[in-house]
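1. only the shape, not the letters, is given here:
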C-alpha cells in the first residue's frame with residue numbers, strides 16, 4: 001500500500017527531518033512540500049538551507065515548493081499531511097486543511113491539550129485515536145487532527161508508562177535539553193557556549209500537562225487525565241541533539257531497581273515500521289554514567305528511549321532517560337502517528 005503524503009513547513013529543522021525519515025519509507029510517498037511565501041516556486045534544494053547529516057534525496061531536491069494552502073496542493077492527491085509549522089501559524093493554517101478533509105499528523109504545539117484532539121504516542125496510548133470520531137462530530141469536518149507531544153515530554157512518558165503498574169503518584173523532572181530543540185536560530189552561540197540556561201519558555205507547562213493526558217484513560221467521549229502530579233524544571237545545555245532528563249517518581253508500591261528496569265525493558269512496542277523492537281533500552285548498574293546524549297541519542301535510529309541510573313528513593317525511584325529530540329521527539333513521532341493512522345484505517 002502506498003500513501004501519498006505532504007509536509008507543511010518543509011524547509012525548517014523539523015521539516016528537514018521529515019524528509020530524511022520519509023526517504024525510502026515502505027508506505028509513504030512524498031508528493032508535496034510547502035513553506036512560506038519567500039520559498040514558494042523554488043526547487044526545494046534552493047529553498048531549504050539543508051542541515052541534516054544526510055544528503056537531500058534526489059527526488060526531493062528538484063521538487064517545487066508550494067504555498068501552505070489547500071488549493072496549492074490540490075493536484076498532488078495527498079492522503080496524509082505532516083505538519084511542522086510554528087504553532088502560531090499552525091493555529092490558523094491547519095483548520096483550513098482539516099475542513100478540506102485532510103488528515104494531519106502534526107508536531108506543532110497548538111491544540112495538543114484540546115479535549116477532542118488525540119495526543120498520541122503509538123506504543124503508549126493508541127486507543128486515544130478514538131477521539132477522532134468525537135472531533136469530527138464536534139467540529140464538523142471530514143479531516144482529522146492528531147498531535148504528538150513535546151520533545152521533552154515524549155522522552156519521559158514511555159518510562160512513566162512502565163512505572164504506572166507500580167502506582168505512579170507524582171513526578172519531578174529536571175531536563176537537560178539540546179540546542180536543536182530551539183531551532184537553528186533559537187539560541188545564539190553567545191548565549192549557550194560555556195553556559196546553561198535554567199528556563200525554556202512554556203516547556204515546563206507542556207511537560208506537566210501533556211504527560212497526564214498521554215497517560216490518561218479514554219472513555220469513548222474524552223480523556224480522563226492521569227491523577228499523578230507532574231512538576232518540571234527545563235534547562236537548555238550546549239549539546240546539539242538529545243534531551244537528557246533526571247526523573248524522580250513517587251510510587252505507591254516499593255519495587256526494586258531490578259524490577260523497575262525489567263518493567264521498562266518489557267514495555268511493549270508497536271507493530272509499526274518506525275517503532276523500535278525494544279522501545280526502552282535500559283542500562284544496568286555497571287554503567288551508572290549512561291545514557292549520555294552523544295553516545296546514546298541514536299539508539300534505534302533515534303526512535304528509541306534510553307534509561308539508566310535506576311535507584312530507589314524514600315518514596316519511589318530516581319533514574320535518567322534520554323531520546324533524540326528532533327527524531328523521536330519531533331518528526332519521527334509524527335511519522336509514527338501517521339503509520340498508526342494508516343493501520344487503524346483513518347487514512
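-> Nice, thanks for sending it over. Since the structure is predicted, the reported quantities are computational estimates derived from the model, not experimental observations. Numbers count the residues shown, from 1 in each chain.
2. ok, now how distant is the nearest residue to residue 125 once chain neighbours are set aside from residue 208?
-> In space, residue 125 comes closest to residue 214 once its chain neighbours are excluded; the distance is 5.7 Å by C-beta to C-beta, 6 or more residues apart in numbering. The C-beta positions use only the backbone N, C-alpha and C, and glycine is treated the same way. Going from residue 214 to residue 208 by C-beta to C-beta, to the nearest Å gives 12 Å.
3. of those two, which one has the most company?
-> The neighbour count for residue 214 versus residue 208, taken as other C-beta atoms under 10 Å, is higher for residue 214 (26 against 16).
4. ok, the more buried one - contacts?
-> Applying C-beta atoms under 8 Å, 6 or more residues apart in numbering to residue 214 gives the contacts 119, 120, 121, 124, 125, 149, 153, 157.
5. for residue 66, grab phi and psi.
-> Main-chain torsions, residue 66, degrees, to the nearest 10: phi -110, psi 160.
6. also residue 318?
-> phi -130, psi 140.
7. now do the helices in the stretch 101-250 of the chain.
-> 131-139, 151-163, 189-192, 203-214 (DSSP state H, counting those that start in this stretch).
8. nearest to residue 274, out of those?
-> helix 151-163 (13.2 Å; C-beta to C-beta).
9. for residue 221, grab the count of nearby residues.
-> 12.
10. what's the answer for the one 5 residues further on, then?
-> Residues near residue 226, counting by other C-beta under 10 Å, number 19.
11. pLDDT at it, what is it?
-> Per-residue pLDDT puts residue 226 at 98.
12. in the helix or strand containing residue 310, what counts as buried?
-> Assigned by DSSP states H and E, residue 310 belongs to strand 305-312. Using 16 or more other C-beta atoms under 10 Å as the test for burial, strand 305-312 gives 305, 306, 307, 308, 309, 310.
13. what's the answer for stretch 95-102, then?
-> Going by neighbour count (16+ other C-beta under 10 Å), the buried part of stretch 95-102 is 95, 97, 98, 102.
14. quick one, what contacts the last one?
-> The contact partners of residue 102, taken as C-beta under 8 Å, 6+ apart, are 70, 78, 80, 81, 143.
15. run through the bridge partners of the third one.
-> Spelled out, that is residue 80. With DSSP bridges as the criterion, residue 80 is bridged to residue 5, residue 103.
16. tell me who's in contact with it.
-> By C-beta under 8 Å, 6+ apart, the contact set of residue 80 is 3-6, 28, 102-105, 338, 341-342, 347.
17. now, among those, which is nearest to residue 318?
-> Out of the contacts of residue 80, the member with the shortest distance to residue 318 (by C-beta to C-beta) is residue 105, at 34.0 Å.
18. touching, the closest one and residue 337? I think so.
-> Yes. Proximity of residue 105 to residue 337 meets the contact threshold set by C-beta atoms under 8 Å, at 4.5 Å.
19. hmm, back to that, out of the contacts of residue 214, who's the most crowded?
-> residue 153 (29 neighbours).
20. skipping its backbone neighbours, what lies nearest that residue in space?
-> Using C-beta to C-beta, 6+ apart and skipping the chain neighbours, the partner closest in space to residue 153 is residue 210 (4.5 Å).
21. so that neighbour makes contact with residue 149?
-> Yes. Using C-beta under 8 Å, residue 210 is in contact with residue 149, at 4.6 Å.
22. what about the contacts of residue 80, which one has the most neighbours?
-> Of the contacts of residue 80, with other C-beta under 10 Å as the count, residue 338 tops at 31 neighbours.
23. how near is that one to residue 213?
-> 20 Å.
24. next one: residue 254
-> Distance of residue 254 to residue 213, given as C-beta to C-beta: 28 Å.
25. circling back to that earlier point, identify the contacts common to residue 105 and residue 337.
-> If you check residue 105 and residue 337 against C-beta under 8 Å, 6+ apart, the residues they both contact are 146, 148.
26. let me see the ranges of the strands in the stretch 1-150 of the chain.
-> Using DSSP state E, counting those that start in this stretch, the strands of the stretch 1-150 of the chain run over 3-8, 28-35, 65-67, 80-83, 103-106, 144-147.
27. okay, now the unreliable bits of the stretch 1-150 of the chain?
-> Scanning the stretch 1-150 of the chain for pLDDT under 70 picks out nothing.
28. nearest to residue 275, of the helices of the stretch 101-250 of the chain?
-> Closest to residue 275 of the helices of the stretch 101-250 of the chain is helix 151-163 (C-beta to C-beta; 10.9 Å).
29. so the closest one versus strand 305-312, what angle?
-> Here the directions of helix 151-163 and strand 305-312 differ by 50 degrees (axes from the mean of the first three to the mean of the last three C-alpha atoms, to 10 degrees).
30. next, the angle helix 203-214 makes with helix 151-163.
-> Going by the same axes, to 10 degrees, helix 151-163 is angled at 40 degrees with respect to helix 203-214.
31. show me what helix 151-163 is packed up against.
-> strand 168-177, helix 203-214, strand 243-251, helix 257-265, strand 280-282, strand 305-312, strand 316-323 (3 or more C-beta pairs under 8 Å, 6 or more residues apart in numbering; DSSP states H and E).
32. would you turn those into a markdown table with distance to residue 90 and mean pLDDT?
-> A markdown table is the format used below for those (distance: least, C-beta to C-beta, whole Å; pLDDT from 0 to 100):
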| stretch | distance to residue 90 | mean pLDDT |
| --- | --- | --- |
| strand 168-177 | 21 | 98 |
| helix 203-214 | 15 | 97 |
| strand 243-251 | 22 | 98 |
| helix 257-265 | 33 | 98 |
| strand 280-282 | 30 | 98 |
| strand 305-312 | 26 | 97 |
| strand 316-323 | 23 | 98 |
